[in-house]
Every structure is written in structure tokens, then in C-alpha cells.
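Peer 1: Could you look at this predicted model? Sequence included:
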Amino acid sequence: MQLSSLLIAIEVGGVVAFATSGLIEAMRKRMDAVGVFSVAFVSAFGGGTVRDLLLDRRPLFWIEHEAYLWLVLAMALTAPAWLPMALRETGARLMHVADALGLGLFAIAGTSIAQASGMSPLVSALMGATTAIVGGVARDVLCNEVPQVYHDHRPYAVCALAGSAAYLGLAAAGAGAQWASAAGVAV
Amino acid sequence: MQLSSLLIAIEVGGVVAFATSGLIEAMRKRMDAVGVFSVAFVSAFGGGTVRDLLLDRRPLFWIEHEAYLWLVLAMALTAPAWLPMALRETGARLMHVADALGLGLFAIAGTSIAQASGMSPLVSALMGATTAIVGGVARDVLCNEVPQVYHDHRPYAVCALAGSAAYLGLAAAGAGAQWASAAGVAV
Amino acid sequence: MQLSSLLIAIEVGGVVAFATSGLIEAMRKRMDAVGVFSVAFVSAFGGGTVRDLLLDRRPLFWIEHEAYLWLVLAMALTAPAWLPMALRETGARLMHVADALGLGLFAIAGTSIAQASGMSPLVSALMGATTAIVGGVARDVLCNEVPQVYHDHRPYAVCALAGSAAYLGLAAAGAGAQWASAAGVAV
């Protein structure tokens, strides 16, 4: 299973974005170290893992690219150093940007991977949505909240899905990436 | 993997029933479009998906029968039109009937599929219970509530499991279907 | 896949410990029979099931060793008889001991099984942590609480992970088992 370099860049971006959002949420809930690590990992890898399980795709993407694990591990270990500063600078926007970016990037990665596995367009779009949404939903469930993406009445997720649909239409990541960036900027 | 037409009818009934319950619950929580779709899909397909993953059964039942996806999609899209009217007519009973019907139908479908995969009676009964319960439990977890089926002290689930056991005893769907209908009517 | 007898003993211990913690939690929430059974099963088998799914390891450990299912079933059925008495004698400590014991035992079992599947040390340690943590987290999510292990700021989980790391270092279950016992006793 060869991913183009563009797809890998997209995936790394999504992992970093969701790990950040998981770290913010876990710290806000004053969780201990186990909680912070777990929530960061689940946010970053939950969506892709469920996608890989549903598609019966092995090895899982984070076992294939073990560097992702080290990346999130390093982010979680160093979070006390950079996260409070980043939050002070940006306020609540950082969380929204991280969430929106992760949604858009993972939607594209999930859609293209499902399509490469020979799924139909509807199933591919659903897999993209699954990849994008599950990580954040699992993060919010673990923190005992109604998933944010379900009640914020904001256009991120719709943009992400539109990007996913556009990707299917064009079968070219370029257009999809533009949508995702647009979603991120539109905060 | 060939399902008899009866089994397909049972499965469609269960999907429709649980999708309805998911739509009601998501709307009650005033979720946005993403939430409504997600909760409807998870309610309708969660139980069967977990069963298929545990049994290592591919393709997943909703990839095999893509029409199910279109059905739930159509139900979610048209929900604003028919759901409020249906609720006004029936009140809270609609939710209970949908839940009970779904439980009974999925318990039978899950049990017979597990048995067809060569599982032992105990494992088959558990798979039936899993298929029946997971969708509703996931719906309630996403809506941040203690799963209804766990504390309503009502006999639905027990009836569904009894139906599942009866199915195993008779190895004939007829008796099981009667139990499920009984459970649905007994609201 | 042959497990040494020591590993089986460790697994049985973990299953019993987590089933106990699930029973306590479900009863505290005044769940009905369906809830008590579900929570006990999810607590006892959740971690190992997720591990087996992620490793694509079949049959699942509780389908391979069906006796585990009967064991938890028997525990749940007889819980009204022995659990209140045990709780009166030991108070809240029983829950903590059960949790800590389960964490330590499952961390070792998960780590060694992942290693036997040819995973790298980092992935093996993560699988150990997954096996140990998922059962308890799922239990708390079903009971609609922030997972205990995430905010108790207690050293159980860290001890369990240390045991898991020690196991990897020594590649000998002896040392790991000692850590786990230490964690259990240190309550």
C-alpha cells in the first residue's frame, strides 16, 4: 500500500492537529498523565484505526508508520512546555483551528484510502467522514461531553465532507486540500 | 454468505427501527446535521459492525448491502418532514417501540449469523446480544447519557435475549420473530 | 498460539479482577440485569478484545478460552450473593484492589502477546497499556463518568506500565508479575 508523499504530509498534519486538540481537552479536564497520553493517542489515531479495522487494512497505519507514535509521544511529553504558551497567544481559537484542520485532512486521507481499497463512492465518503470524526468524538466521549462536532452548528464538518466529496469528484487531492485549508482559515 | 430473505427482512426492520430511535434522540438533543447523521448511522449499524468485526466477517453487512446505507441516508434527509408528525401522533411510545423492535430483530439476526459462522451456542447468544445492544448503547454514549437499556428495568432486552435463546433452541427463525413482535407489542 | 500456563493464570486473574470492578460499578449505578451483565463483560473482555482486533489475532481470546465467558457469567449470576458481603468487609478498597490488580495483570498479558506477534517494543508496550486500560475506561464510559484511571492521580497505571516496560526489558514474566503485585498491594 503506497501512499503518495502528499497523502503522508496530509496524514501527519491531521495527526498533529488532533493530538493537539486532545492535549488541550485533557489538560482542561485536569487529567493526570495517563489521561493526557490516552486522550492524545485516541484523538490522533482513533479515526484512522476505526477506518483500517472497517476496511480490514493491515498493518494499521500507525504500526506501518511507527514514527507517528513517537511524534505524538514527543508532543505529549513536551506539552507542558509549549502548550500553555501557545494557548495564551491564541486563546480558544487554537482548539478550533486544530479541530478543523484535523477534520479536513483526515477526511481527505480516509476517502482516498477507502477508494484505493476499491470501495464505492458512498462508502469511501463515509470512510472519510469516519476517519475525520471518530477521533474527536472519542476524545469528547472520554472527557464525558456531548461530542463537540455534533452540536456546534459550525460549518467545519460540512466543509470537510464537501472537501471529501470534491475529492471524489475530481479524484485529485489538490482541490480537497484547498477545501480543507479554507475550512481551517474560515474559523 | 447467503442470508435467507427472511433474515434480510429482519435486518432491514432492525436498521429502520434503530435509525428512527437515533434520529429521535439526536433531535431531542438539538444536534446539528453532522450529529443527526452520525447518531442515526451509529445506532443503525453499530451493533452489526461490532458483530462482524468480532467474527472477522467481511465484507461488513452494510458494505455488502449498500442499499442499507442509502436507506438510512434517505431517512435522515427526510426526517424533518416525517419525524415531528410521527412523534406528535405517538409520543414517547414511538421511541420505545423502535428500540424494542430493533433489539428483537437484531438479536435474531446476530444469533443466526454467529451460528452460521460455526460459533458455539453461548458465543452465538452473546453475539446476538451484542448486535442488539451495541447500537443503542453507542447512541446513548454519544448523547452523553447512561445507556437506556441498562437502567430502564423493562423487559425488552430480556425478551430479546429470550427470543435469541429460543431461536437457538428451535434453530428456526419463526419462533424468534414471534418473541420479538411480542416484545414490540408489549410496550 | 500457545500461552504458557503462567500467562493463562495472569489472564484469568485479570478477567476476575475487572469483572469484579464492573459488577461493583454497575450495582452502584443501580443498573438492571442487562446493564450489570454488559458492564461486567465489557470490563473483563474489552481490553483484550481491542488488543486482539488491533493485532488481527483470531480467534479472540474469549472465543478461544470459552471458559472465561462461563466464569464471568457465573460471577455475575452469583454477584447478589457474595458482592454485598465482600463490599461490607472491605469498603471502597475492594474496587481499587480489583482495578490495580487487573491493570497490572492485563498490562503484562497484553505486552507479551503483542511481542509474540512480532510487534516492536513501543507497539508492544502500547498494546499492554491498551489491554490494561480499555476495559476500565469502557466501564466508566458506559456508566457515564470520566474514566477513573484518567483523573485519580494515583500510581496504579504508572506502576502497571512500569511493569510492562520491565517485562519488555527482562523478557521474563517473573519481574513483571512482581511489579503488578506491588501495585496491587500498594493501595
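Peer 2: Good, I have the coordinates.
Peer 1: What ranges does chain A have for its strands?
Peer 2: Taking DSSP state E as the criterion, chain A carries no strands.
Peer 1: Just the pLDDT for A:G110.
Peer 2: With respect to pLDDT, A:G110 has a value of 81.
Peer 1: That one reaches A:A129, doesn't it?
Peer 2: Yes - the pair A:G110 / A:A129 is scored as a contact, 7.5 Å apart, by CB atoms under 8 Å. In short, each C-beta sits where N, CA and C put it, glycine included.
Peer 1: Which one's more surrounded, these two?
Peer 2: A:G110 (30 against 25; other CB atoms under 10 Å in any protein chain shown).
Peer 1: Please give me every residue in contact with that one.
Peer 2: By CB atoms under 8 Å, 6 or more residues apart in numbering or on different chains, the contact set of A:G110 is A:47-48, A:51, A:127-132, A:164.
Peer 1: can you tell me how far it sits from chain C?
Peer 2: Look at A:G110 and chain C: by CB to the nearest CB, to the nearest Å, they are 18 Å apart.
Peer 1: cool, and A:A129?
Peer 2: 21 Å.
Peer 1: Over to A:A107?
Peer 2: Taking CB to the nearest CB, one finds A:A107 at 23 Å from chain C.
Peer 1: Quick check: that residue vs A:H96, distance?
Peer 2: According to CB to CB, to the nearest Å, A:A107 stands 16 Å off from A:H96.
Peer 1: Comparing those two, which residue is more hemmed in?
Peer 2: Counting neighbours by other CB under 10 Å for A:A107 and for A:H96 shows that A:A107 has the greater number, 34 against 18.
Peer 1: That one against A:T131, yeah?
Peer 2: Yes - under the criterion of CB under 8 Å, A:A107 makes contact with A:T131 at 6.7 Å.
Peer 1: circling back: columns pLDDT on top of the contacts of A:G110, output as CSV?
Peer 2: Formatted as CSV, those follow (pLDDT from 0 to 100):
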residue, pLDDT
A:G47, 83
A:G48, 84
A:R51, 85
A:M127, 83
A:G128, 80
A:A129, 81
A:T130, 82
A:T131, 83
A:A132, 81
A:S164, 59
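Peer 1: For the residues you listed, give me TSV that also has distance to B:L142.
Peer 2: As requested, the contacts of A:G110 are exported to TSV (distance: CB to CB, whole Å):
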residue	distance to B:L142
A:G47	15
A:G48	19
A:R51	18
A:M127	19
A:G128	19
A:A129	14
A:T130	14
A:T131	17
A:A132	16
A:S164	21
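Peer 1: Let me see the contact set for the closest residue to A:V134 other than its chain neighbours.
Peer 2: Leaving aside its chain neighbours, A:V134 sits nearest to A:G47 (4.1 Å; criterion: CB to CB, 6 or more residues apart in numbering or on different chains). Taking CB under 8 Å, 6+ apart as the criterion, A:G47 is in contact with A:18, A:106, A:110, A:130-136.
Peer 1: Looking at those residues, spot the one nearest B:V12.
Peer 2: Of all the contacts of A:G47, B:V12 sits closest to A:T130, with 22.4 Å by CB to CB.
Peer 1: so where is chain A shaky, pLDDT-wise?
Peer 2: For chain A, the stretches with pLDDT under 70 are A:1-4, A:90-92, A:149-187.
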